[in-house]
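In: Sequence first, predicted model second:
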Amino acid sequence: MNLKLAVGKNRPFDTPASLDTAPCAYTGRTDLIFAETVTTPFVLITSDLAAVVWQPSRMASGSISAALSAVYRRSEREMYRSMNGVPRGAHRIARLAVRSLYRELALYPKPGLVSFRDNGAHLDMNAATFVRSLFSLRGYFVAIAAAGMRDAKFNELQQIGLAAETRMLHATRGINTHRGAIFTHGILAAAAGRAAARNLTPTDDNLRAIVTANWSRDLRAIDVHRAATPSHGQLMAARHGATGARGEALLAFPSVFESALPALRSALARGADTQHALLHTFFVLLAETTDTNVLFRGGAEGLRFIQTQAADFLERGSVFAAGWQARAESLHRQCSMQNLSPGGCADLLAAAWFVHQLQTDPL
């Protein structure tokens, strides 16, 4: 068989099998992002969004793996050449950041949120929109991790983030898919870079100490009232007093380190696989977090509803109890119908998985 290889961030969406219409399914493989079977090609994307293999859908799985490995190695070489002089550790941090955001996208059922199954409460975006956004952000995470490695000041990190937001909006045709992640993952990636440059293990305490010592003063000084296009979090801060992503960063991400990571580690210790552990963690975040996206869409009543329902899900045994999936899917349908989308919790979940990978993924 002849393989048609496409390497680069825009090529997959220039093909007849557009991700805007083609179905997707997560493969469960650690070295793949997803496989989608359509009438003509079979599409595989590596977990750092570096490469794509197109082939008719009847291609044997062994051939797929061999072809993917070859194109992945080629794309890695091209990526490193394109960013000559950037420490290799920055690429690892970026790869784990993108993987964590993809893992959140692939997770299902997440009440009200986009996945490869459906669009949740959203009419303006789908999984393809998120994948386009992730492609646009690969270089951002490399750049901001490298900036952290060289002790860049907060102003430089902020400018790198603003440029990434512009690229994201261009890739998504104006739709905000990852603004919160650009902020949260960006700060954590810079902290991980700074830790790596100092040969510090990326423990919870070390990462939080780096954020507090280096950037809390600048985060406090940000004038959210003068933002040209205020985020949902900034609007809800003014209306409800909710602190949102900036408040999380000011306190060195308590929802990530004090809620999500303990829940994730506990679930994994109980024998849950990655998917079940992440879903359990997500419901913990839903129950405990003041999600400004939910406040924006549903007000205080919508927030109470989703927190109460999530707490009930946990009380009934979470993902460890029989019938959990039906209960989770029921809440997903209710949130979708009520236009409730806990995007803040999604960002925090992805951030927790990012930190977990930093701490456990082999170099």
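Out: That came through, no problem.

In: tell me the centre residue of the chain?
Out: Nearest residue to the geometric centre of the chain (CA atoms, centre = their mean): residue 101, 2.0 Å.

In: per-residue pLDDT, that residue?
Out: For residue 101, the pLDDT comes out at 94.

In: in which helix or strand would I find the nearest residue to it once chain neighbours are set aside?
Out: Ranked by CB to CB, 6 or more residues apart in numbering and with sequence neighbours excluded, the top spatial neighbour of residue 101 is residue 350, at 5.0 Å. In this view, the C-beta of every residue, glycine as well, is placed from N, C-alpha and C. According to DSSP states H and E, residue 350 maps onto helix 343-360.

In: same for that helix, what does it pack against?
Out: Here helix 343-360 touches helix 88-106, helix 179-197, helix 204-221, helix 244-250, helix 261-269, helix 274-288, helix 292-315, going by 3 or more CB pairs under 8 Å, 6 or more residues apart in numbering; DSSP states H and E.

In: ok, now how distant is residue 335 from residue 205?
Out: 35 Å (CB to CB, to the nearest Å).

In: Between those two, which has more neighbouring residues?
Out: Counted by other CB atoms under 10 Å, residue 335 and residue 205 do not tie: residue 335 has more neighbours, with 27 against 12.

In: Test my guess that the more buried one contacts residue 341.
Out: Yes - the pair residue 335 / residue 341 is scored as a contact, 7.1 Å apart, by CB atoms under 8 Å.

In: Give me the common contacts of the two.
Out: Residues touching both residue 335 and residue 341 (CB atoms under 8 Å, 6 or more residues apart in numbering): 112, 120-121.

In: Could you rank these by neighbour count and give me the top one?
Out: That'd be residue 112 among these, by other CB under 10 Å, with 31 neighbours.

In: So this protein: which segments form each domain?
Out: As assigned by automatic domain parsing, the chain contains the domains 4-80, 83-360.

In: since we're on residue 166, how many residues are nearby?
Out: By other CB under 10 Å, 11 other residues sit near residue 166.

In: Over to residue 317?
Out: Neighbours of residue 317 under the rule other CB under 10 Å: 13.

In: How much space separates it from residue 303?
Out: Going from residue 317 to residue 303 by CB to CB gives 24 Å.

In: Same question for residue 312.
Out: According to CB to CB, residue 312 and residue 303 sit 15 Å apart.

In: what about the two, which has more around it?
Out: Between residue 312 and residue 303, residue 303 has the larger neighbour count (other CB under 10 Å), namely 25 against 13.

In: what residues are up against the more buried one?
Out: Residues near residue 303 by CB under 8 Å, 6+ apart: 290-291, 294-295.

In: Just the pLDDT at it, thanks.
Out: With respect to pLDDT, residue 303 scores 96.

In: quick one on the thing from earlier: hmm, which two among the contacts of residue 303 are most spread apart?
Out: Within the contacts of residue 303, 290 and 294 form the most distant pair, 8.3 Å apart (CB to CB).

In: out of these two, which sits in the more crowded spot?
Out: residue 294 (33 against 19).

In: hang on, that one packs against residue 341?
Out: Yes - using CB under 8 Å, residue 294 is in contact with residue 341, at 7.2 Å.

In: returning to what we had before: out of the domains of the chain, which is the most enclosed?
Out: Neighbour counts (mean count of other CB atoms under 10 Å) averaged over each of the domains of the chain peak at domain 83-360, with a mean of 20.

In: How about the secondary structure of residue 121?
Out: Judged by DSSP: H, G, I helix; E, B strand; the rest coil, the three-state class of residue 121 is coil.

In: Residue ranges in the stretch 101-250 of the chain under the pLDDT threshold?
Out: Applying pLDDT under 70 to the stretch 101-250 of the chain picks out residues 223-243.

In: pLDDT weak spots in the stretch 251-363 of the chain?
Out: Checking the stretch 251-363 of the chain against pLDDT under 70 turns up 363.

In: Now with 90, please.
Out: In the predicted model, the stretch 251-363 of the chain carries pLDDT under 90 at residues 361-363.

In: residues touching residue 172, list them.
Out: Residues near residue 172 by CB under 8 Å, 6+ apart: 125, 129, 132-133, 136.

In: Out of those, name the ones that lie in helices.
Out: Using DSSP state H, the subset of the contacts of residue 172 located in helices is 129, 132-133, 136.

In: Please produce TSV containing those residues, extended by distance to residue 190.
Out: Shown next, in TSV, are the ones in helices among the contacts of residue 172 (distance: CB to CB, whole Å):
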residue	distance to residue 190
129	26
132	24
133	20
136	19
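
In: Closest one of these to residue 177?
Out: Relative to residue 177, the closest of the ones in helices among the contacts of residue 172 is residue 133; by CB to CB it sits at 4.1 Å.

In: just to revisit the earlier point, the helix holding residue 350 vs helix 274-288, what angle?
Out: Taking axes from the mean of the first three to the mean of the last three CA atoms, to 10 degrees, one finds helix 343-360 and helix 274-288 inclined to each other by 130 degrees.

In: In CSV, list the C-alpha atoms belonging to helix 343-360.
Out: The C-alpha trace of helix 343-360 is given here as CSV (Å, rounded to 0.1, in the frame of the first residue of the first chain):
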residue,chain,number,x,y,z
GLY,A,343,-15.3,25.0,30.9
GLY,A,344,-13.4,26.2,33.9
CYS,A,345,-13.5,22.8,35.5
ALA,A,346,-12.4,21.3,32.2
ASP,A,347,-9.3,23.5,32.2
LEU,A,348,-8.5,22.6,35.8
LEU,A,349,-8.9,18.9,35.0
ALA,A,350,-6.5,19.2,32.1
ALA,A,351,-4.1,21.1,34.3
ALA,A,352,-4.2,18.4,36.9
TRP,A,353,-3.5,15.7,34.3
PHE,A,354,-0.6,17.9,32.9
VAL,A,355,1.0,18.1,36.4
HIS,A,356,0.4,14.4,36.9
GLN,A,357,2.2,13.6,33.6
LEU,A,358,5.1,16.0,34.5
GLN,A,359,5.5,14.0,37.7
THR,A,360,5.1,10.5,36.4
